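A.B. asks: Return a 3D structure for these sequence lines:
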Amino acid sequence: MSWIQSHQPALVLAPMDGVYDAPMRELLTRHGAYDYCVSEFLRVTDEIPTGKAFQRDVPELLSVSNTAAALGPTTPSGIPVQIQILGGDPDHMAAAAQAAVIHGARAIDLNFGCPAPMINRHDGGASVLKDPDRIRAIVAAVRNTLPAEVPVSAKLRLGWEDRESIFENAERAAEGGASWLTIHGRTRMQGYSGTADWTLIGQVQKHLGQKLPIIANGDIRSLEDFQRCQEVTRCHHFMIGRGALGDPWLPRRIRAWMKDQALLQETPPLSFFVRDFIPLAEAYSPGGEYTLRRLKQWIAIAQRVGGGTLFTDNNRDWLRLKRARTLSELKEALVARG
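C.D. replies: All right, here's what the predicted structure looks like:
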């Protein structure tokens, strides 16, 4: 199968730790808009993740059989899942990538973007951005240990604090043998505040785009955002993160525009997706606590990204959802929503 090809625009579901786990990946890939999705990161320390760890965090790996080995793990809708790993030691990252492939992975992504302080204090995620040569060493170590047919990509932020460091970091990742790069348009110090700098992503695209594909990521929350990002970056490939929680139909709108500049008029209500998510979440973790927590998290994120009027505090029914203390109360609020 193909993942990213320079001549074929791609739309990717972002890896968001603690947000886009298996049930949410299943929900959001049901409608055929994504080319693939990226798993939450598996953290690599002195101990290499085992098969159980991979299958726990990426249960889609359990569906991989010998007959489906070329596809690797997929969501129930058949959308491929790329496995992401995070760490700062080249040898350990290489060993973890090799273990992931042994257990069914068919593409590896390297996380150099996570801004979480705890991760950064332990030499992972965005902390590696301080040392461009280590980026190259980690990418090269992983690339050299895997079969040629298994692509290795890297996800970067613009830098730790200096946005201009993206040019050297992206160059080093390419030198290490990355198959493609995903760039989030913020520094680590920004976290998720401020606005994504698409201009710098566009400059990397101009500089490196002939050598390898560049995926633009950050602040794509509407079709209009996508159109502006496409115009500014001149990228052909895009990754959607929080915007898909505010509007799960957004990828469909973007895909229609990417294909022939069509404007989709249909917009299922957000309650449609919430109702669909409940049985997926309950099957994943019975008991209701997980489902309630994830739905309230969804509401909170959607409010922050401006996910439409259904999530405003002025809407009585959605305020009931936000305040629900049990899954039963939440379901009652959904019934009231109609």
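A.B. asks: Let me see the domain layout of the chain.
C.D. replies: The record's domain parsing of the chain by automatic domain parsing lists 10-260, 270-337.
A.B. asks: Work out the gap between the shortest one and the centre of the chain.
C.D. replies: Just to be clear, that refers to domain 270-337. Domain 270-337 sits 21 Å away from the centroid of its parent chain (Cα atoms, centre = their mean, to the nearest Å).
A.B. asks: same check, this time on stretch 110-122
C.D. replies: 15 Å.
A.B. asks: Okay, now that stretch: how far is its last residue from its first?
C.D. replies: 16 Å (Cα to Cα, to the nearest Å).
A.B. asks: hmm, back to that, adding mean pLDDT, mean neighbour count and distance to Ile4 as columns, could you present the domains of the chain in CSV?
C.D. replies: In short, each C-beta sits where N, CA and C put it, glycine included. CSV is the format used below for the domains of the chain (pLDDT from 0 to 100; neighbours: other Cβ atoms under 10 Å; distance: least, Cβ to Cβ, whole Å):
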stretch, mean pLDDT, mean neighbour count, distance to Ile4
domain 10-260, 93, 20, 5
domain 270-337, 78, 16, 25
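A.B. asks: Quick one: the helices in the stretch 151-300 of the chain, in order.
C.D. replies: 166-176, 198-208, 223-233, 243-246, 250-260, 270-284, 289-304 (DSSP state H, counting those that start in this stretch).
A.B. asks: Which among those helices is found nearest to Ser6?
C.D. replies: helix 198-208 (11.1 Å; Cβ to Cβ).
A.B. asks: picking that back up, looking at the helices of the stretch 151-300 of the chain, which is closest to Tyr36?
C.D. replies: So among these, helix 250-260 is nearest, using Cβ to Cβ, at 12.1 Å.
A.B. asks: elements contacting the closest one?
C.D. replies: strand 10-13, helix 223-233, strand 237-240, helix 243-246 (3 or more Cβ pairs under 8 Å, 6 or more residues apart in numbering; DSSP states H and E).
A.B. asks: all strands for the chain, in order.
C.D. replies: With DSSP state E as the criterion, the chain has strands at 10-13, 36-38, 42-43, 81-86, 108-112, 152-157, 181-184, 214-217, 237-240.
A.B. asks: closest to Ile135 out of those?
C.D. replies: Ile135 lies closest, by Cβ to Cβ, to one member of the strands of the chain: strand 108-112, at 6.1 Å.
A.B. asks: Same list as before, the helices and strands packed on helix 250-260 that is, but in TSV and with distance to Gly78 included.
C.D. replies: Formatted as TSV, the helices and strands packed on helix 250-260 follow (distance: least, Cβ to Cβ, whole Å):
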stretch	distance to Gly78
strand 10-13	14
helix 223-233	24
strand 237-240	19
helix 243-246	18
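A.B. asks: hang on, the earlier thing: save the domains of the chain as CSV, and put in distance to Trp3 too.
C.D. replies: Output for the domains of the chain, formatted as CSV (distance: least, Cβ to Cβ, whole Å):
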stretch, distance to Trp3
domain 10-260, 5
domain 270-337, 25
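A.B. asks: Next, format the strands of the chain as TSV and append distance to Pro286.
C.D. replies: Below are these laid out as TSV (distance: least, Cβ to Cβ, whole Å):
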stretch	distance to Pro286
strand 10-13	25
strand 36-38	24
strand 42-43	24
strand 81-86	23
strand 108-112	30
strand 152-157	33
strand 181-184	34
strand 214-217	34
strand 237-240	30
